[in-house]
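> With the sequence up front, the predicted model follows.
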Amino acid sequence: MKGLIIATTLFFFIINAQAQVWSVQKQALTINEVLNDRIDNLLPKLMDEANIDCWLIISREYNEDPILKTFLPAEWISARRTTILVFNRDKKNNTLKSYAIARYQVGKRIQAAWNPEKEPNQWNALSKLIDSLNPNQIGLNTSMDYGHADGLHLTEFNELKNAMSPSQLKKIVSAEKLGVAWLETRTEKEMALYPTLLAITHQIIKEGFSNQVIQPNQTSTNDLVWWFRQKLIDLGLSTWFHPSIEIQRRVSNENDAIIRPGDLLHVDFGISYLRLNSDVQEHAYLLLPNEKVAPDELVAAFSKTNRLQDILTTNFKTGRTGNAILAASIQQAKAEGIQPSIYTHPIGSHGHAAGTTIGMWDMQQGVPGSGDYAMRPNTCYSIELNATHTIPGWNKPVRIALEQNGFFNGSGFEYLDGRQKTIHLIQ
């Protein structure tokens, strides 16, 4: 992980000194480099694991399969007309050939394989290509448990069926396992970049939770939410969800949204950059006039919730399902006197990504389907959870809700840019 630390440190300097990210051109070059590496070095292994030697990804413009977008070069914003990608794996000869049954080549790795002058019908051209490849299994993106891997629409499926021969139709299988593995598996090149996203995310939160932005008794939670949104625009970044700010306070009759001394603030915030995503929740405390540090009771509650994070991540194990990890973690936390709620999810190409789901806020007994999915190495997770604490002087239990992103290498878990261990203090 030394290389990750170096990369993060360098980018901290850029953010602090210039408050900018890479140019769009540099981002595009990086995205394409990462994508080509994934196609060349990751995809063949995943196709072998799934026992699928022909993978079809079919989309129409403005109605894209979620997986298709992870194969498009940076220069492509969406599918064009009907875009059909075909990946054919020859394990015996250790080759992977990529085709686009479309009018255009798709990046440098996916060559155009349709000549409308020779075969005007795009679907017939696809059928002829499949005949020439003669695969054993044809994977289509259909899934009961993952919307990410269920991107084949009915219209395209009907067109495909009408064009395919009976022998081809018999070879069709769900590509769910392959699609989920493609989305959740992170490569070395991606992991050299991912800490940067978290460094930027943490720095923006730190600035937002400061007197540079918050004027006590004047700034509202809505003001702060829109500051976060504007900050992203100013930096040339985007997000995959609208931020939120919540207040917990001692006095029950002050229910307005103005941020006041003594308030415990909570933010939920994330960014999208270089086709990866972050998702972070942190807390800040607005000091009372006579305070220099946060109250001991809040500090203790925060530390106890950090402990819940540790309990969860130490239960990560290759091959263990999300539901098994959830059950073991909740049992251990309760035995240690912690009132837990765990709703941790994969993160990467999507914010709420495909992979091992470890609880949902309303499913603490386990999540059917995605919770039964076994954890795999080289995957990233958003450690999202909370613990409630009874604190004297507070009219109701205090909820410490934390979320940080990290990497599971198959034997251990590591946060990508550290995690919050102390409450942000605002003067």
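Sure, I can see it. All values reported here derive from a predicted model rather than from experimental measurement.
> Nearest residue to the most centrally placed residue in the chain in space, please, no chain neighbours.
A centroid search over the chain (C-alpha atoms, centre = their mean) returns residue 347, at 2.4 Å, as the residue closest to the centre. Closest residue to residue 347 apart from its sequence neighbours, by C-beta to C-beta, 6 or more residues apart in numbering: residue 382 at 4.3 Å. The C-beta positions use only the backbone N, C-alpha and C, and glycine is treated the same way.
> what about the strand or helix carrying the one you found, distance to the chain center?
Residue 382 is part of strand 379-389, with elements assigned from DSSP states H and E. Centroid separation for strand 379-389 versus its chain: 14 Å, with C-alpha atoms, centre = their mean, to the nearest Å.
> Check stretch 24-35 too.
Relative to its parent chain, stretch 24-35 has a centroid offset of 19 Å by C-alpha atoms, centre = their mean.
> Then stretch 177-195?
On the basis of C-alpha atoms, centre = their mean, stretch 177-195 sits 10 Å off its chain's mean C-alpha point.
> likewise stretch 92-107?
Relative to its chain's centre, stretch 92-107 lies at 27 Å (C-alpha atoms, centre = their mean).
> what do you get for stretch 278-286?
Distance of stretch 278-286 from its chain centroid, counting by C-alpha atoms, centre = their mean, is 18 Å.
> again with stretch 57-69
19 Å.
> now stretch 416-427
22 Å.
> ok, now stretch 89-105?
Distance of stretch 89-105 from the chain centroid (C-alpha atoms, centre = their mean) equals 28 Å.
> Any idea how far apart the tips of that stretch sit?
End-to-end span of stretch 89-105 (C-alpha to C-alpha, to the nearest Å): 19 Å.
> So for it, what gets flagged as buried?
89, 96, 98, 99, 100, 101, 102 (16 or more other C-beta atoms under 10 Å).
> do the same with stretch 373-386
Those would be 373, 375, 376, 378, 379, 380, 381, 382, 383, 384, 385, 386, for stretch 373-386 by 16+ other C-beta under 10 Å.
> CA atoms of stretch 224-241 as CSV?
C-alpha atoms of stretch 224-241 as CSV (Å, rounded to 0.1, in the frame of the first residue of the first chain):
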residue,chain,number,x,y,z
LEU,A,224,-24.4,23.9,3.9
VAL,A,225,-25.9,21.3,1.6
TRP,A,226,-25.8,23.6,-1.4
TRP,A,227,-22.3,24.8,-0.5
PHE,A,228,-21.2,21.2,-0.9
ARG,A,229,-22.9,20.9,-4.3
GLN,A,230,-21.4,24.2,-5.5
LYS,A,231,-18.0,23.2,-4.3
LEU,A,232,-18.1,20.2,-6.5
ILE,A,233,-19.1,22.3,-9.5
ASP,A,234,-16.3,24.8,-8.8
LEU,A,235,-13.7,22.0,-8.7
GLY,A,236,-15.0,20.4,-11.9
LEU,A,237,-16.4,17.4,-10.1
SER,A,238,-19.8,15.7,-9.8
THR,A,239,-21.6,13.5,-7.4
TRP,A,240,-23.9,10.5,-7.6
PHE,A,241,-26.3,11.7,-4.8
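> Now find how far off-centre that stretch is within its chain.
Taking mean C-alpha positions (C-alpha atoms, centre = their mean), stretch 224-241 and its chain are 18 Å apart.
> Domain map for the protein?
The chain breaks down into these domains under automatic domain parsing: 20-182, 186-426.
> same question for stretch 43-52, mean pLDDT?
Averaging pLDDT along stretch 43-52 yields 98.
> Could you give me the buried positions within it?
43, 44, 46, 47, 50, 52.
> wait, isn't the third one in contact with residue 182?
In this case it means residue 46. Yes. Residue 46 is within contact range of residue 182, at 5.7 Å (criterion: C-beta atoms under 8 Å).
> any chance you could map the helices in the protein?
With helices called from DSSP state H, the chain shows them at 2-18, 24-37, 43-50, 122-133, 154-163, 166-169, 176-184, 188-208, 221-235, 296-314, 322-335.
> Excluding its own residues, what touches stretch 197-206? List them.
When contacts are defined by C-beta atoms under 8 Å, 6 or more residues apart in numbering, stretch 197-206 is touched by residues 8, 11-12, 15-16, 21, 228, 231-232, 235, 237, 267, 269-271, 273-274, 276-278, 280, 282, 404-405, 415-418, 424.
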